[in-house]
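Q: Fold the stuff below for me.
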Amino acid sequence: MSGQVCGVPACQRPRASKGYCRMHAERVRRNGHPELIGRPRRPMADRLWEKVDRSAGPDGCWPFTGRLHEGYGQVRTGVGGEPTIGAHRAAFLLANPEVVPPETVDHLCHDPSECRGGSSCPHRSCCNPAHLAAATVAENCSPDRMWTARRSDRCAAGHEWDEANTRWWTNAKGQERRICSACDRRRAREGKAS
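A: Residues are numbered from 1 along each chain as shown. Prediction:
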């Protein structure tokens, strides 16, 4: 067998199996062709939407049923340097191809009166484009979640945001935070009791 080389024209490795060197024979076994390095990927849209449960209808949340990281769906892009992207971000970009990719994508369906957020938040996996909007990092990651609270007429405990029950506080960074006076009084009572 000496002197026989791989059947791929540019390869000078010794022939091992089925007319190819070990590397190209393995590529034939995995991918069906000696020069295909990775498995051929289906379009990202196909891979995304097959893992999204759209049974809630056009107005409901569409949870991602595939791999989650800290509550967010993850889908492979198939592009080097960025192997995965948030499923909600992919859904937003696929639904809005004319939009310049935003810093972050906000879940409009998240309501702080229903959910405290965090990795157990069911809204993080929502991929319904009607529930997604472009947002800046400051809007999406602000500690007081003002961008969400502005859409709500009640605090997380259910107290109404009105003039009598709302107090504003500014932190050292100059960020304003809305504080529920009823919740603040409850916390003060609980602090005195302990």
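Q: what domains does the record give for the protein?
A: 1-40, 44-141, 153-194 (automatic domain parsing).
Q: Redo these as TSV? Include mean pLDDT.
A: Converted to TSV, the domains of the chain look like this (pLDDT from 0 to 100):
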stretch	mean pLDDT
domain 1-40	81
domain 44-141	84
domain 153-194	80
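Q: Pick the most deeply packed of those domains.
A: When those are scored by mean count of other CB atoms under 10 Å, the highest mean neighbour count falls to domain 44-141 (a mean of 16). C-beta coordinates here come from the backbone N, C-alpha and C atoms, glycine included.
Q: Quick one: list the elements packing against the longest strand along the chain.
A: What stands out as the longest strand in the chain, according to DSSP state E, is strand 72-79. Here strand 72-79 touches helix 44-49, strand 82-86, helix 87-95, going by 3 or more CB pairs under 8 Å, 6 or more residues apart in numbering; DSSP states H and E.
Q: Redo those as JSON lines? Include distance to R154.
A: Output for the helices and strands packed on strand 72-79, formatted as JSON lines (distance: least, CB to CB, whole Å):
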{"stretch": "helix 44-49", "distance to R154": "34"}
{"stretch": "strand 82-86", "distance to R154": "29"}
{"stretch": "helix 87-95", "distance to R154": "25"}
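Q: what distance separates stretch 99-112 from the middle of the whole chain?
A: For stretch 99-112, the separation from the chain centroid amounts to 10 Å (computed by CA atoms, centre = their mean, to the nearest Å).
Q: which residues does H107 bridge with?
A: L132 (DSSP bridges).
Q: Would you mind pulling the contact partners of the longest strand of the chain?
A: With contact meaning CB atoms under 8 Å, 6 or more residues apart in numbering, strand 72-79 is reached by 41, 44, 47-48, 51-52, 63-64, 66-68, 83-88, 90, 124-125, 127.
Q: dump the residue contacts of C126.
A: So C126 contacts C61, W62, P63, F64, H88, H107, C109, L132 (CB under 8 Å, 6+ apart).
Q: tell me which residues form a beta bridge with it?
A: Applying DSSP bridges to C126, the residues it is bridged with are P63.
Q: before we move on, the earlier item: could I get the contacts of C126 in a markdown table, plus columns for distance to T77?
A: As requested, the contacts of C126 are arranged in a markdown table below (distance: CB to CB, whole Å):
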| residue | distance to T77 |
| --- | --- |
| C61 | 23 |
| W62 | 20 |
| P63 | 20 |
| F64 | 15 |
| H88 | 14 |
| H107 | 20 |
| C109 | 24 |
| L132 | 18 |
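Q: Between these, which sits nearest A10?
A: F64 (42.0 Å; CB to CB).
Q: Just give the closest residue to the closest one, not the sequence neighbours.
A: In space, and not counting its chain neighbours, F64 is closest to G73: 2.8 Å by CB to CB, 6 or more residues apart in numbering.
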